[in-house]
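Asker: Take a look and give me a structure for this.
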Amino acid sequence: MTNIIATRMGKRKLYTSVIVITLFIIAGAGGVSPAQTRAGFQTPKFEVDPFWPKPLPNHWVLGSVTGVTVDSQDHIWIVHRAADSLGNNEKGGILKPPTGCCVPAPPVLEFDQAGNLLAHWGGPGAGYDWPSATGGITVDHKGNIWIAGAGQAEPAAGQARGAAAPAKPQDAHVLKFSPTGQFILQIGHAGKAEGNDSKTGLNRPASVTVDGNANEVYVADTGNRRIVVFDAETGAYKRHWGAYGEKPDGSTMAAYDPAATSPKQFRAVSCAEVAVDGSIYVCDRSNNRIQVFKKDGKFVKEASVSKATLGDGSVWSIALSHEPAQRMIYVADGQDKKILVLRRDTLETVASFGDGGRMPGQFYGVCSIAVDKKGNVYTGETYEGKRVQKFVYKGTTASTKH
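Answerer: Down below sits the predicted model:
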């Protein structure tokens, strides 16, 4: 019996090694762009952990994962769309009558570095509007959890779209909770989308981030094509801006054309991140570009990222690398199903990892990304991806090509 167990353990160890080695090749060396050929430039290496996170309890399954973030303790938080993004064959445990596996996990989950589930909460409650479709998630400098509401209005079953009183109102707000899920603050209100000059409301915000130094919250207000800033304690309006730091415009835009000049408006602003030097990096997802601003909204520079990409665009979300200088920007490219690595100083794409697929190290609808203090990268997949993955940082390598 002992020999049988030892043999099985040996086979498992060998199998695991094969997976890790194979995925190291996928994650560390795949998709290198011409920009990486500069001699001596250091690019990061990653190795996917195919067993992270650990299995969830109670037959829980994830829906479309719309946000992933890391807190000051290097705990990983995710938000997902739960039952609303699951088919009946995935949520049979909550149907009436039940039809077997499975049960949607609570919308907000907290994991440790090893992938253990530490906490879970979320969903409708008293005093706030839980999103009809969650957007991004972030943890602020005080440990509070912010969640964006990114959903469009949805009619009830059998009701024509556009009819009065939809079953789910359009999201137009962001929420702030304590780490244990106690409601603290709401900015904007579900079903009350306001225009791009509003000082109180939003329109399907995709993500939220907090500048701890100024105690300000930056919202990627997608429907209003702007970045809008509020006081993180009171929710009071501070300022807003559109592409190039100009006034946002709600007029109809022509279809994206890779050969055209860079549009003067955001098309689908989907994220904002604050760098250690105070620069604000903004995702303009379906315009395939990143724009950089000062905190007051003054435009600094921009760069195209996978400019030829059509469909849902290339710049879904970004994360800044872990070292003090934040040399790199990691871009979640959901349309092309990969993670792009950019130099922060020049915004050049220097590497990429991942590819389309279902196996560990591959992606489907990767829409969110975060980095911990050790340099490990975490990704969340929406649409039918419905999972999170961990890529272990393995240091850097210098290119020797010219």
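Asker: Low-confidence ranges, the stretch 51-200 of the chain, go.
Answerer: By pLDDT under 70, the low-scoring segments of the stretch 51-200 of the chain are 156-166.
Asker: same thing with the stretch 201-350 of the chain?
Answerer: For the stretch 201-350 of the chain, no range has pLDDT under 70.
Asker: I'd like the distance between residue 77 and residue 85.
Answerer: Residue 77 sits 18 Å away from residue 85 when distances are taken as Cβ to Cβ, to the nearest Å. In short, each C-beta sits where N, CA and C put it, glycine included.
Asker: now residue 278
Answerer: Computed as Cβ to Cβ, the residue 278 to residue 85 distance reads 36 Å.
Asker: neighbour-wise, which of those two wins?
Answerer: residue 85 (21 against 12; other Cβ atoms under 10 Å).
Asker: Ramachandran angles for that one?
Answerer: In terms of degrees, to the nearest 10, the main-chain angles of residue 85 are phi -110, psi 10.
Asker: Spit out the contact partners of it.
Answerer: When contacts are counted by Cβ atoms under 8 Å, 6 or more residues apart in numbering, residue 85 touches 63-64, 386.
Asker: repeat that with 7 Å
Answerer: 63-64 (Cβ atoms under 7 Å, 6 or more residues apart in numbering).
Asker: next one: residue 152
Answerer: Neighbours of residue 152 in contact, by Cβ under 7 Å, 6+ apart: 170, 204.
Asker: Against residue 133, how distant is it?
Answerer: Counting by Cβ to Cβ, the gap from residue 152 to residue 133 is 7 Å.
Asker: ok, now residue 204?
Answerer: 9 Å.
Asker: One more: residue 299?
Answerer: Counting by Cβ to Cβ, the gap from residue 299 to residue 133 is 31 Å.
Asker: Which one of those two is surrounded by more residues?
Answerer: More crowded of residue 299 and residue 133, by other Cβ under 10 Å: residue 133, with 20 against 16.
Asker: Name the nearest residue to residue 175, ignoring sequence neighbours.
Answerer: Computed as Cβ to Cβ, 6 or more residues apart in numbering, the closest residue to residue 175 that is not its neighbour in sequence is residue 147, at 4.9 Å.
Asker: Also residue 191?
Answerer: Nearest one to residue 191, counting by Cβ to Cβ, 6+ apart, is residue 169 at 3.1 Å.
Asker: okay, now the one you found: neighbour count?
Answerer: Residue 169, neighbours per other Cβ under 10 Å, totals 19.
Asker: Contacts only, for it.
Answerer: So residue 169 contacts 132, 153, 190-191 (Cβ under 7 Å, 6+ apart).
Asker: Tell me the most packed of the residues you listed, by neighbour count.
Answerer: Of these, with other Cβ under 10 Å as the count, residue 132 tops at 22 neighbours.
Asker: give me phi/psi at that one?
Answerer: According to degrees, to the nearest 10, residue 132 has phi -70, psi -30.
Asker: quick one, what contacts the nearest residue to residue 310 once chain neighbours are set aside?
Answerer: Using Cβ to Cβ, 6+ apart and skipping residues adjacent in sequence, the residue nearest residue 310 is residue 256, 6.7 Å away. Counting by Cβ under 7 Å, 6+ apart, residue 256 touches 267, 286-287, 310.
Asker: distance of residue 256 from residue 86?
Answerer: According to Cβ to Cβ, residue 256 stands 31 Å off from residue 86.
Asker: coming back round to it: quick one: which of the contacts of residue 169 is nearest residue 316?
Answerer: residue 132 (20.0 Å; Cβ to Cβ).
Asker: Once you drop chain neighbours, what's closest to residue 354?
Answerer: residue 338 (4.5 Å).
Asker: Also residue 51?
Answerer: residue 115 (7.2 Å).
Asker: That neighbour: what's it in contact with?
Answerer: Residue 115 makes contacts with 52-54, as judged by Cβ under 7 Å, 6+ apart.
Asker: Next: residue 132.
Answerer: By Cβ under 7 Å, 6+ apart, the neighbours of residue 132 are 151, 154, 168-169, 171.
Asker: Determine which two of those are furthest apart.
Answerer: So, these by Cβ to Cβ: farthest apart are 154 and 171, at 10.5 Å.
Asker: So residue 122 is in contact with residue 108, correct?
Answerer: Yes: applying Cβ atoms under 7 Å, one finds residue 122 in contact with residue 108, separated by 3.8 Å.
Asker: Pull up the overlap in contacts between these two.
Answerer: residue 181.
Asker: follow-up on the earlier one: ok, now which ones touch the residue nearest to residue 354?
Answerer: 31, 352-355, 363.
Asker: picking that back up, doesn't the residue nearest to residue 175 lie inside a helix?
Answerer: No: with DSSP: H, G, I helix; E, B strand; the rest coil as the criterion, residue 147 is located in strand rather than a helix.
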